[in-house]
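**Student:** structure, please.
(4 chains)
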Number of protein chains: 2
Amino acid sequence: MLKAAIENPTFTEATELLGNSFAKHEPALVIGNCRVDYEGRASSTLEWGERIVIVKADGSILVHRPTGYEPVNWQPQGCLFQVDMPSERVLRIRAFRRQPREIVNIYFDRIRLIFSSRLDDSGEFYLHVSEEQMKDALLSRPEMLEPHFKPIDYERKVEPGFVDVYGVDKDRNLVVVEIKRNPIGRDAVLQLKRYMDAIRRETGQFVRGMVVGPSLRKGAQTLLATLNLEFKQLSPKKCFEVLQARKTRKLIEFMKSER
Amino acid sequence: MLKAAIENPTFTEATELLGNSFAKHEPALVIGNCRVDYEGRASSTLEWGERIVIVKADGSILVHRPTGYEPVNWQPQGCLFQVDMPSERVLRIRAFRRQPREIVNIYFDRIRLIFSSRLDDSGEFYLHVSEEQMKDALLSRPEMLEPHFKPIDYERKVEPGFVDVYGVDKDRNLVVVEIKRNPIGRDAVLQLKRYMDAIRRETGQFVRGMVVGPSLRKGAQTLLATLNLEFKQLSPKKCFEVLQARKTRKLIEFMKSER
DNA sequence: ACATCTATATCGCCC
DNA sequence: GGGCGATGTAGATGT
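**Tutor:** Here you go, the predicted structure:
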């Protein structure tokens, strides 16, 4: 049984551990004194120094210096790794990538630490300004949609699904709003159209339709014009700020009431 | 004396090692089961899983999952670190940044490996462009040589070898260009002279000669003046930037078809 | 596969 | 410090 971590391993130990790691597509980590060559779209050399090298399960590799957010050398996922000893005193890690054809060679003359183990990471990652939260932000500040817009209802059930936000404009026209967190495509526009048709059938009134999101995708622009619908730019960032402001306002009110 | 690396440390050991590391602004590395919260321009949560955390000397921090080129959470350089134990079973690393105000909190419930040590890395990093690529860049943007310069051919065969670039200036004088990636020495100047002589014999016309490269070495300067030749400064970095514009390919294909 | 757009982009340069 | 541009950008999404 191989140990997961070895401090100051011999090159033979390191070669064995890394070879095994690459074969099993397990992540690995090497800290040591190394030199790095890159050749591909551009080419680079990095002279001797102590760095942290991370080899990942998906075939990506990162070389990190002791400072700086960005890796000094890297290879995105999908490349092939090799480990060998060009001489008794050197261990080489080779990361090869096709399309574009690029190679990163890392030569170690001293290894301080080597670690290799399966890492069990199935935890979900959430970026918090969801479509739901964007809706909350818009309800909290309806004037972000347009001046004098008044929301009547949200997540209103109609034939094909739920209307995100539903309200009236300054001329008392009904407005149906479809919110998207990501750039708006043709599908979102057609979804809005279906909701509008349902609301029009239900009320018998003229209905304005608006898609709200960070930006418009190529095809959506023309489709909007064709269907005579509108677009209002609203970024998750802006919504995040609105929600933050509301949270602090509520906190202040709460503190006042407790006083 | 603290060890640089500890496998399966207790939280007390880890807190001590990391506290020491942060105080001395030394890089540190933690591998373990953790949960991550981010709050700032946006906000995010990452649920439990095994990851690699790198804390750097300049106040940057990276949280890497076992796959993917990019860190799942991070903080750029210049933030403040804290380590503590909110409970006996949890170790927290806190990375705080002002402007924009952002916080990353990492909670570990198990630490597989911890490493902390000064890393000695003073090695230079060079981003290269080959002589060939410099030629491509010059063909792509001939005005970099001088205004109104028009290339006619490249790698043209003459008696002693291949002329890098061959063209005409705004007064229709022939121009022979010799490109070097490294500082230009006497040898490169003499090489250019031989090419010029060959072209002059071939065409019977007056020929201007120019060496192009990042800089001139001592002896080359005087030799250039003696032979009445010219030097144009052009760095590999500049060429690299031009090549990124990607106009090169089209021009070369055009010239190939015209040759 | 290729083009286009986003990013907690980061990083550098200039003002 | 703010604005703009480059990045071996990487990564996602639509064609």
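**Student:** name the element the residue of the stretch 1-150 of chain A found nearest DNA strand C belongs to?
**Tutor:** Nearest residue of the stretch 1-150 of chain A to DNA strand C (Cβ to the nearest atom of the strand) works out as A:Y69 at 2.9 Å. Backbone N, C-alpha and C define where each C-beta goes, glycine included. Under DSSP states H and E, no helix or strand contains A:Y69.
**Student:** pLDDT wise, what is it at?
**Tutor:** pLDDT for A:Y69: 97.
**Student:** what is the burial count for it?
**Tutor:** A:Y69 is flanked by 17 other residues according to other Cβ atoms under 10 Å in any protein chain shown.
**Student:** for it, give me its contacts.
**Tutor:** B:56, B:60, B:62, B:74, B:76-77 (Cβ atoms under 8 Å, 6 or more residues apart in numbering or on different chains).
**Student:** give me that answer again for 10 Å
**Tutor:** Applying Cβ atoms under 10 Å, 6 or more residues apart in numbering or on different chains to A:Y69 gives the contacts B:56, B:58-62, B:71, B:74-78.
**Student:** how near is it to DNA strand D?
**Tutor:** Distance, A:Y69 to DNA strand D, using Cβ to the nearest atom of the strand, to the nearest Å: 12 Å.
**Student:** follow-up on the earlier one: mind checking which of the contacts of A:Y69 are buried?
**Tutor:** B:56, B:59-62, B:71, B:74-75 (16 or more other Cβ atoms under 10 Å in any protein chain shown).
**Student:** those residues also near chain A: which ones?
**Tutor:** Restricting the buried ones among the contacts of A:Y69 to those near chain A by Cβ under 10 Å from any Cβ of the partner chain leaves B:56, B:59-62, B:71, B:74-75.
**Student:** adding secondary structure, write those out as CSV.
**Tutor:** Shown next, in CSV, are these (DSSP: H, G, I helix; E, B strand; the rest coil):
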residue, secondary structure
B:K56, coil
B:G59, coil
B:S60, coil
B:I61, strand
B:L62, strand
B:P71, coil
B:W74, strand
B:Q75, strand
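**Student:** of all the residues you listed, which comes closest to chain A?
**Tutor:** Checking those against chain A with Cβ to the nearest Cβ, the nearest one is B:S60 at 4.5 Å.
**Student:** my read: that closest one touches B:Q77, true?
**Tutor:** Yes. The pair B:S60 / B:Q77 is scored as a contact, 4.2 Å apart, by Cβ atoms under 10 Å.
**Student:** give me the common contacts of these two.
**Tutor:** In contact with both B:S60 and B:Q77: A:67-69, B:97, using Cβ under 10 Å, 6+ apart.
**Student:** what subset of the residues you listed is buried?
**Tutor:** For the shared contacts of B:S60 and B:Q77, a burial check counting by 16+ other Cβ under 10 Å picks out A:67, A:69, B:97.
**Student:** show me what contacts the last one?
**Tutor:** Right, the one you point to is B:R97. Contact analysis of B:R97 by Cβ under 10 Å, 6+ apart lists B:40, B:59-61, B:75-80, B:103-104.
**Student:** so which strand or helix has A:Q191?
**Tutor:** A:Q191 belongs to helix A:186-203, assigned by DSSP H and E.
**Student:** who does the helix or strand just after that helix touch, helix- and strand-wise?
**Tutor:** As assigned by DSSP H and E, the chain's next helix or strand after helix A:186-203 is strand A:207-213. Helices and strands touching strand A:207-213, by 3 or more Cβ pairs under 10 Å, 6 or more residues apart in numbering or on different chains; DSSP states H and E, are helix A:131-140, strand A:162-168, strand A:174-179, helix A:186-203, helix A:218-227, strand A:230-233.
**Student:** tabulate these (CSV), appending distance to DNA strand C.
**Tutor:** Supplementary listing: these in CSV, determined by distance: least, Cβ to the nearest atom of the strand, whole Å:
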stretch, distance to DNA strand C
helix A:131-140, 12
strand A:162-168, 19
strand A:174-179, 15
helix A:186-203, 14
helix A:218-227, 6
strand A:230-233, 10
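**Student:** let's have those in a markdown table, adding distance to A:S116 and mean pLDDT.
**Tutor:** As requested, the helices and strands packed on strand A:207-213 are arranged in a markdown table below (distance: least, Cβ to Cβ, whole Å; pLDDT from 0 to 100):
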| stretch | distance to A:S116 | mean pLDDT |
| --- | --- | --- |
| helix A:131-140 | 40 | 88 |
| strand A:162-168 | 48 | 92 |
| strand A:174-179 | 46 | 94 |
| helix A:186-203 | 44 | 92 |
| helix A:218-227 | 45 | 88 |
| strand A:230-233 | 48 | 90 |
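**Student:** looking at the ones you listed, which is buried most?
**Tutor:** Sort the helices and strands packed on strand A:207-213 by mean neighbour count, taking mean count of other Cβ atoms under 10 Å in any protein chain shown, and strand A:174-179 sits at the top with a mean of 23.
**Student:** ok, back up a step: widest-spaced pair of the contacts of A:Y69?
**Tutor:** Farthest apart among these by Cβ to Cβ are B:P71 and B:G78. That separation is 16.5 Å.
**Student:** can you read off the pLDDT for the nearest residue to A:R194 once chain neighbours are set aside?
**Tutor:** Of all residues not flanking A:R194 in the chain, A:P160 sits nearest, at 4.7 Å (Cβ to Cβ, 6 or more residues apart in numbering or on different chains). We have a pLDDT of 79 for A:P160.
**Student:** give the contact list for A:P160.
**Tutor:** Contact analysis of A:P160 by Cβ under 10 Å, 6+ apart lists A:191, A:193-195, A:197-198.
**Student:** helix, strand or coil for it?
**Tutor:** Assigned by three-state DSSP, the conformation of A:P160 is coil.
**Student:** any idea how far the closest residue to A:P76 other than its chain neighbours is from B:D164?
**Tutor:** In space, and not counting its chain neighbours, A:P76 is closest to B:Y69: 4.7 Å by Cβ to Cβ, 6+ apart. Using Cβ to Cβ, to the nearest Å, we find B:Y69 at a distance of 37 Å from B:D164.
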